[in-house]
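In: Task: produce atomic coordinates for the following.
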Amino acid sequence: MASKLKGKDWYEITAPKFFGDFIIGETLALEQEQLSGRVIETSLTDITGDPNKYYLKFYFKIDDVKDKKATTKFVGHDCTKDFLSRIVSRRKTRIDTNDVIKLQDNTIRVKSIAISNRRVSHPVEIKVRRIVREMIIQEVEKLKTEEFIREVIDGKLQMKIKKSVSKVYPLRFFEFRKTEVM
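Out: Numbering: from 1, shown residues only. Sure, this is the predicted structure:
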């Protein structure tokens with residue numbers, strides 16, 4: 001076991017500045033060039049300490065290493081599979097969207113999930129999906145990546161979309177299921 005660690009150094013991995021330079025973890029490497037491009041996964045609970053959004057996983061990619069400190073950039077987030085299976089239930093309609101949106105500083109793929117209170121007809125499902133898509137594009141296009149992530153973490157954007165869609169049909173739940181920086 002000790003021979004596998006021989007010559008390797010520990011490197012501290014930090015989240016991007018808009019997460020408050022939070023230390024995500026540590027990793028081993030022979031040379032610091034080996035770290036570039038590694039993707040690190042961490043839950044939102046680990047970053048913020050708030051257990052309410054335990055189901056959100058954030059992905060960071062190491063882009064720079066200096067003085068045994070690796071800095072990262074945000075590359076996406078995802079909801080855990082167990083959470084998705086728990087919110088989707090019988091006699092409810094699951095409405096998914098998948099859009100590529102040009103932010104002020106990045107292009108990002110946004111996948112969302114909306115769960116209705118009861119099973120809905122196909123025309124209502126199409127109308128709800130169209131409203132969700134329009135709201136996401138309208139609200140997200142004017143933001144930068146860090147502002148968008150902050151909105152997702154706070155839940156403000158989700159509440160605004162849920163309230164807007166509820167005029168057509170009441171939603172039980174709305175969440176951004178996945179994002180990927182292109």
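
In: Would you agree Thr93 is in contact with Glu125?
Out: Yes - counting by C-beta atoms under 8 Å, Glu125 is a contact partner of Thr93 at 5.9 Å. Placement of C-beta: from N, CA and C, glycine included.

In: So for these two, which sits in the more crowded spot?
Out: Neighbour count, other C-beta atoms under 10 Å: between Thr93 and Glu125, Thr93 has more, with 20 against 17.

In: ok, that one - contacts?
Out: With contact set as C-beta atoms under 8 Å, 6 or more residues apart in numbering, Thr93 has these partners: Ile115, Ser116, Arg118, Arg119, Val120, Glu125.

In: Pull out the buried residues from those.
Out: Among these, those classed as buried by neighbour count (16 or more other C-beta atoms under 10 Å) are Ile115, Ser116, Val120, Glu125.

In: Mind putting these into TSV with pLDDT, secondary structure and distance to Val65?
Out: Shown next, in TSV, are the buried ones among the contacts of Thr93 (pLDDT from 0 to 100; DSSP: H, G, I helix; E, B strand; the rest coil; distance: C-beta to C-beta, whole Å):
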residue	pLDDT	secondary structure	distance to Val65
Ile115	90	strand	42
Ser116	88	strand	47
Val120	86	coil	51
Glu125	88	helix	48
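
In: Shouldn't Leu143 be within a helix?
Out: No - Leu143 is assigned coil when assessed by DSSP: H, G, I helix; E, B strand; the rest coil, not a helix.

In: residue boundaries of the helices in this protein?
Out: Applying DSSP state H to the chain gives helices spanning 2-5, 44-48, 81-87, 122-140, 145-154, 156-165.

In: just to revisit the earlier point, nearest to Thr27, of the buried ones among the contacts of Thr93?
Out: Ile115 (37.5 Å; C-beta to C-beta).

In: Spatially nearest residue to the closest one (excluding sequence neighbours)?
Out: Of all residues not flanking Ile115 in the chain, Phe173 sits nearest, at 4.2 Å (C-beta to C-beta, 6 or more residues apart in numbering).

In: which residues does that neighbour contact?
Out: Contacts of Phe173 (C-beta under 8 Å, 6+ apart): Ile87, Ile113, Ala114, Ile115, Lys162.

In: Where is pLDDT lowest across the residues you listed?
Out: Lowest pLDDT among these: Ile87, with 85.
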